[in-house]
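Q: got a sequence here, can you build the structure:
(2 chains)
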2 protein chains.
Amino acid sequence: MTDRFLRACRRQAVDRTPVWLMRQAGRYLPEYRALRQRVDFLTLCKTPELAVEASLQPLRRFPLDAAIIFSDILLPLEALGCRMTFNPGPRLAEPIRTREQVAALDRRAAAETVPFVGEAVGLLRRELDGRTPVIGFCGAPFTLAAYLVQGEGKEGFGALKTLQYREPATLEALLETLTAAMIDYLRLQISSGAQAVQIFDSWAGLLDSPGYQRFALRWVRTIVDGIADLEVPVIYFINGGPHLIEDAATSGADVLGICWRTPLDVAAARVGPGMSLQGNLDPHALFAAPDEVRRLTRDVLARAAGLPGHIMNLGHGILPDTPIPSVEALIDTVQHTTGKAAQPATETCRR
Amino acid sequence: MTDRFLRACRRQAVDRTPVWLMRQAGRYLPEYRALRQRVDFLTLCKTPELAVEASLQPLRRFPLDAAIIFSDILLPLEALGCRMTFNPGPRLAEPIRTREQVAALDRRAAAETVPFVGEAVGLLRRELDGRTPVIGFCGAPFTLAAYLVQGEGKEGFGALKTLQYREPATLEALLETLTAAMIDYLRLQISSGAQAVQIFDSWAGLLDSPGYQRFALRWVRTIVDGIADLEVPVIYFINGGPHLIEDAATSGADVLGICWRTPLDVAAARVGPGMSLQGNLDPHALFAAPDEVRRLTRDVLARAAGLPGHIMNLGHGILPDTPIPSVEALIDTVQHTTGKAAQPATETCRR
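A: Numbering: from 1, shown residues only, chains lettered A, B, ... in the order given. Sure, this is the predicted structure:
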């Protein structure tokens, strides 16, 4: 069944739970590290043939149910006129903290500023030829703003949070610009061949519920609305937002990605029946012995057994040092667990 | 009423909500920065007269309802034999990641290894002479282990989480040693004059519920039990743990400190009537204009109006650049809000 991923997104019946892994094309793969020996990160992202090669690497090794285009959520920010370096984390040459800086952002169309992303998606779609669906993606506006305002990924994102309270209107102006850019960016990916898209909100958990509604959720909803006519499933992932699940369930997305902090049965009770869930094995669990990985994977599947739709994944991106045998144990366990076999353990529904 | 803080810890009636601020002795105060011009951080912590001076500085400026001894949660780790520097964050000369390293930790009594903490608490108690109660504190074992294993404060604490899954028994051995040391350390502070103690679990939110129960909660409970005969109120604070509130409510502590992510009325419904709550204004909210600080403070007080006990505080430590007028606005608002005046706004109980 080549469409079990798309069917699970839409809460349709599947033969077994589909599985893919956030950052599945990446540093834990020796063949990816070999590719990176030859080219730097930005060249890899910006050369369609190389981005497609990176996207295909994990599919050659594991029987994954979806491919995600190799890129970075910050690439379209460079297209907005923000200069940055990756080493490996991103660093902005000049953080954006004033109205004037927001007004000066470049608003040209994604097809003009990041054409290589559309080309890479189209090429990946042709290469896979219907065997495996292609996922496009972007960063959620608040998470993109986090990097733009802070200037780097930094525990607590103090400059961002200070701006939130000191000059909320400036932050909102930035979010509005980013939202328009991301709608355009996702439309480019979908028109190029992406069959589903994921919106990554890695830092929304820095907000309390009122802040989340104002500075994150509202803009995600606008993006979901802005691509609704293209009729591809939308996955919305928040890292570290166990306090935001009820709010996030109103985003309009088809699938909510849950980080490892909340068991899927608990999350499902808070989300309600209208969404599929994606996740949520702790990425660090892959450092356990393979038998323990199998046990923990079965536990996630058992907790998800009653959901209208479930896409197995990690609760955050796979880590660079992850042992390959653990990834094999995870994927093999999913492949050999049918809906029927996924019986909750007795301790499953503890809340 | 000089004992309103202790009364609120014990869920007894008070004339108004007591208030103190985590890290109230610290860098946001010009007089603290002046003190630090003269001595380095560790000298300040280890010289009782200077630690007392730092502890008293915020009380001279603001009518706070409790004093907390100036120190750092990592000081007793140095006493265990771990060499570290502060610049300003802690860095261990050698992270602890093996059984052998755990076994080699120095287990001498706190009265021998950190006598200056006991002396400082005693001196602070005498200086305050019953006008303001004295809080002692320690780090929770998991949070201390986070620094010991990682070697520094680092987003995600990858080395810690890897050890958790790869060698859980080594982590447990470390937690057992730290637990015994913290019981001894808190007993020293209490016998020296501390009238309440707070256990800081800044990194427990890195764990899911089963992990939290095994690697964090169990050891906090052992500490609470280990000082129960001394009959001082215990405050247990978790940062970033909105998914752990039900578990944390079983720690045995008298007061649960809630970070800013969960509104106090929502937290109270999950904790039940047996505990007081402490918190929980977002520390970044103090970067808003004073009128907005007043509004947000009133909102916290309103949400807490029905609790059996509430101690006003921030949802995490006060930040170094916090404007003093905002602190004044916060404290003044608490002082001039009696239980009667704290009427919930219409939007208060949204869940």
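Q: quick one: whichever helix in chain A runs longest to chain centroid distance?
A: Looking across chain A with DSSP state H, the single longest helix is helix A:168-192. Mean-position distance between helix A:168-192 and its chain equals 16 Å (Cα atoms, centre = their mean, to the nearest Å).
Q: name the residues of that helix that are buried.
A: A:170-175, A:177-190, A:192 (16 or more other Cβ atoms under 10 Å in any protein chain shown). Using the backbone N, CA and C atoms, a C-beta is placed for each residue, glycine as well.
Q: again, but for stretch A:307-324
A: Quick answer for stretch A:307-324 (16+ other Cβ under 10 Å): A:307-319, A:322-323.
Q: count of neighbours near the nearest residue to A:Asp291 once chain neighbours are set aside?
A: Among residues not flanking A:Asp291 along the chain, A:Ala329 sits closest, at 7.8 Å (Cβ to Cβ, 6 or more residues apart in numbering or on different chains). Residue neighbour count, defined by other Cβ atoms under 10 Å in any protein chain shown, stands at 22 for A:Ala329.
Q: could you point out which element follows the longest helix of chain A?
A: Next in sequence after helix A:168-192, counting helices and strands by DSSP states H and E, comes strand A:196-201.
Q: go ahead and confirm A:Leu174 touches A:Phe142.
A: No. With contact defined as Cβ atoms under 8 Å, A:Leu174 does not count as touching A:Phe142 (9.7 Å).
Q: which residues of the stretch 101-250 of chain A lie near chain B?
A: A:153-155, A:158, A:161-162, A:164-166, A:205, A:208-209, A:211, A:240, A:242-243, A:246 (Cβ under 8 Å from any Cβ of the partner chain).
Q: what does the stretch 251-351 of chain A give?
A: Checking the stretch 251-351 of chain A against chain B by Cβ under 8 Å from any Cβ, the hits are A:260-263, A:282, A:284-288, A:292, A:319, A:321, A:350-351.
Q: farthest-separated two in those?
A: A:Asp321 and A:Arg351 (32.5 Å; Cβ to Cβ).
Q: point out where chain A drops to low pLDDT.
A: For chain A, the stretches with pLDDT under 70 are A:339-351.
Q: is there a quick PyMOL command that grabs whichever of the residues of the stretch 101-250 of chain A next to chain B are buried?
A: Burial among those is assessed by 16+ other Cβ under 10 Å; the matching PyMOL selection reads:
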select buried, chain A and resi 158+161+162+164+165+166+205+208+209+211+240+242+243
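Q: from the residues of the stretch 101-250 of chain A next to chain B, which land in helices?
A: A:158, A:161-162, A:164-166, A:209, A:211, A:246.
Q: so which pair among those residues is furthest apart in space?
A: So, those by Cβ to Cβ: farthest apart are A:Arg166 and A:Glu246, at 28.2 Å.
Q: how many residues are close by A:Asp201?
A: 30.
Q: swap that for A:Asp229, please
A: The number of residues near A:Asp229, taken as other Cβ under 10 Å, comes to 7.
Q: same thing with A:His336?
A: Neighbours around A:His336, by other Cβ under 10 Å: 10.
Q: equivalent analysis for A:Asp225, please.
A: 11.
Q: on the three-state scheme, it is what?
A: What DSSP: H, G, I helix; E, B strand; the rest coil gives for A:Asp225 is helix.
Q: B:Arg166 versus A:Ala289, what's the distance?
A: According to Cβ to Cβ, to the nearest Å, A:Ala289 and B:Arg166 sit 8 Å apart.
Q: now swap in A:Gly89 and tell me
A: A:Gly89 is 24 Å from B:Arg166, by Cβ to Cβ.
Q: how about A:Pro58?
A: 23 Å.
Q: for A:Ala67, same thing?
A: A:Ala67 is 30 Å from B:Arg166, by Cβ to Cβ.
Q: chain neighbours aside, what residue packs nearest to A:Ala93?
A: Using Cβ to Cβ, 6+ apart, the nearest residue to A:Ala93 is A:Arg83, at 4.0 Å.
Q: tell me what the residue nearest the centre of chain A is bridged to.
A: Taking Cα atoms, centre = their mean, the centroid of chain A lies closest to A:Phe200, which sits 4.2 Å from it. Taking DSSP bridges as the rule, A:Phe200 bridges to A:Gly139, A:Phe237.
Q: and it, what does it touch?
A: By Cβ atoms under 8 Å, 6 or more residues apart in numbering or on different chains, the contact list for A:Phe200 reads A:73, A:137-140, A:143, A:237.
Q: where does A:Met312 land in three-state SS?
A: Going by three-state DSSP: A:Met312 is strand.
Q: ok, now which ones touch it?
A: Counting by Cβ under 8 Å, 6+ apart, A:Met312 has contacts A:17-19, A:278-279, A:281, A:297, A:300-301, A:304, A:334.
Q: list the buried residues for stretch A:295-306?
A: A:296-305.
Q: ok now stretch A:92-103, how far from the chain's centre?
A: The answer for stretch A:92-103 is 25 Å, by Cα atoms, centre = their mean.
Q: how about residues contacting that stretch?
A: By Cβ under 8 Å, 6+ apart, stretch A:92-103 touches A:82-85, A:105, A:147-152, A:159, A:163, A:167, A:169-170, A:173-174, A:177.
Q: ok, now with 7 Å
A: With Cβ atoms under 7 Å, 6 or more residues apart in numbering or on different chains as the test, stretch A:92-103 has contacts from A:82-84, A:147-152, A:159, A:163, A:170, A:173-174, A:177.
Q: for that stretch, buried residues please.
A: A:92, A:95-97, A:101-102.
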